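with the sequence up front, the predicted model follows.
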Amino acid sequence: MLAIAIAALAQLALIFLQGSVWGVAISLLFFFISFNVLEATQPSIVSKIAPTVCQRYCDGVFSSVQFLGHFLAPQWVGY
């Protein structure tokens, strides 16, 4: 929850500190730190929450949706 809050605060800071190079740099630093923490911990959270019977299935669905997002993201931003 802390990483989500830090990411949200970093995005708000980017809105208000656009005019400052240091403000943008520090905001991006905190955003990417929280993003990397979330990216590393989300698969383990899914494994902990999922019932034992379908744990591998849930991990596979999570991984598939994650890579589907990586595949579709360039089409959404216009590349």
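Structure received.

can you give me the buried ones in the helix or strand bottoming out on mean pLDDT in the chain?
Within the chain, no helix or strand scores below helix 55-76, which has a mean of 84 by mean pLDDT, DSSP states H and E. Neighbour counts over helix 55-76 (16 or more other C-beta atoms under 10 Å) mark 58, 62 as buried. Where you see a C-beta, it was placed from the backbone N, CA and C, and this is true even at glycine.

repeat for stretch 10-26
By 16+ other C-beta under 10 Å, the buried positions in stretch 10-26 come out as 10, 13-14, 17.

with stretch 27-40 instead?
The neighbour-count check on stretch 27-40 (16+ other C-beta under 10 Å) flags 27, 30-31, 34 as buried.

do stretch 38-54 as well
Judged by neighbour count using 16+ other C-beta under 10 Å, the buried positions of stretch 38-54 are Ala50.

ok so, going back, nearest to Ala40, of the buried residues of stretch 27-40?
Distance to Ala40, by C-beta to C-beta, is smallest for Ser34 among the buried residues of stretch 27-40, at 10.9 Å.

now do the contacts for the closest one.
By C-beta atoms under 8 Å, 6 or more residues apart in numbering, the contact list for Ser34 reads 3-4, 6-7, 10.

not counting its neighbours along the chain, what's nearest the residue nearest in space to the middle of the chain?
For the chain, Phe35 is the residue whose C-alpha lies nearest the centre (C-alpha atoms, centre = their mean; 4.4 Å). Counting by C-beta to C-beta, 6 or more residues apart in numbering, Phe35 lies nearest to Ala7, which is 6.3 Å off, once chain neighbours are set aside.
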